[in-house]
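K.L.:
Sequence plus predicted model, see below.
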Amino acid sequence: MLRRYAEEGSEPAFSELVARHIDLVYTVALRQVAGDAHLAQDVTQTVFADLARKARALSGRAVLTGWLFQATRYAAAKAVRAEPRRLNRELEAVAMQEPSTGAEANCEQLSPVLDEAVARLGAKDRDAVLLRYFERKELRAVGDALGTSEEGARKRVGRALEKLRRYLTGRGVTLSAASLATALTASAVQAAPAALAGTAARGEPGTSRTMAAA
């Protein structure tokens, strides 16, 4: 679809691409801007505007999810750079809490730290985690997307989870691999506002006062 848009200028293809990924982008944006829904919508529009602009360069990617995740984090960081101290305090509050069990972990509080941990993974590990838990794909589908077998996908996801678990332990959050998988799934995606897909599909950047000020 991205190749069709890049080579033919197919707006229906780009609209379909937006529809498939907008919930993921919006949810990651929402977490990064501390729940500011209006700013998250602006960030989402900016990400898809960047995607439209870079369509030709990105059209050869087998998996687009990882690029969208990272692009959303970058766009959100730019959008909130006027208030980094508040966001840093929120992250530090999560990191400094007493070690918790999976049952006690608050997924909403963990979300920003989980995003940071996922962002630190290598590209293939990050794609595997995003496809498996954020997009909730079966292991066979993950393997197909990554060009490996179902068993290969299972092993890669397992290794990535262990890296995430070690990172979180270093931040003072103790989770088993199973609890971490549950937290990733629970914090993954929520539906974007219905009208946002149409706006994002036009490839227009966000226009809120906060984005303009940034």
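P.N.:
Received, thanks.

K.L.:
The most centrally placed residue in the chain: helix or strand, and which one exactly?
P.N.:
In the chain, the C-alpha nearest the mean C-alpha coordinate belongs to residue 69, at 3.6 Å (CA atoms, centre = their mean). Following DSSP states H and E, one finds residue 69 within helix 65-79.

K.L.:
Can I get that helix in PDB, CA atoms only?
P.N.:
Output in PDB follows, covering the C-alpha atoms of helix 65-79 (Å, rounded to 0.1, in the frame of the first residue of the first chain):
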ATOM      1  CA  THR A  65       5.200  -0.800  12.700                       C
ATOM      2  CA  GLY A  66       8.600  -0.200  14.200                       C
ATOM      3  CA  TRP A  67       9.100   3.000  12.200                       C
ATOM      4  CA  LEU A  68       5.700   4.300  13.200                       C
ATOM      5  CA  PHE A  69       6.400   3.600  16.900                       C
ATOM      6  CA  GLN A  70       9.700   5.500  16.800                       C
ATOM      7  CA  ALA A  71       8.300   8.300  14.700                       C
ATOM      8  CA  THR A  72       5.500   8.800  17.200                       C
ATOM      9  CA  ARG A  73       7.800   9.000  20.100                       C
ATOM     10  CA  TYR A  74      10.000  11.500  18.300                       C
ATOM     11  CA  ALA A  75       7.000  13.700  17.300                       C
ATOM     12  CA  ALA A  76       5.500  13.500  20.800                       C
ATOM     13  CA  ALA A  77       8.800  14.500  22.400                       C
ATOM     14  CA  LYS A  78       9.000  17.500  20.100                       C
ATOM     15  CA  ALA A  79       5.400  18.400  20.900                       C
END
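
K.L.:
Can you list the helices and strands that that helix packs against?
P.N.:
Taking 3 or more CB pairs under 8 Å, 6 or more residues apart in numbering; DSSP states H and E as contact, the helices and strands that helix 65-79 lies on are helix 11-32, helix 37-53, helix 107-119, helix 123-129. (C-beta placed from N, C-alpha, C; glycine too.)

K.L.:
hang on, the earlier thing: and the residue nearest to the centre of the chain, what pLDDT?
P.N.:
The predicted local distance difference test score for residue 69 is 91.
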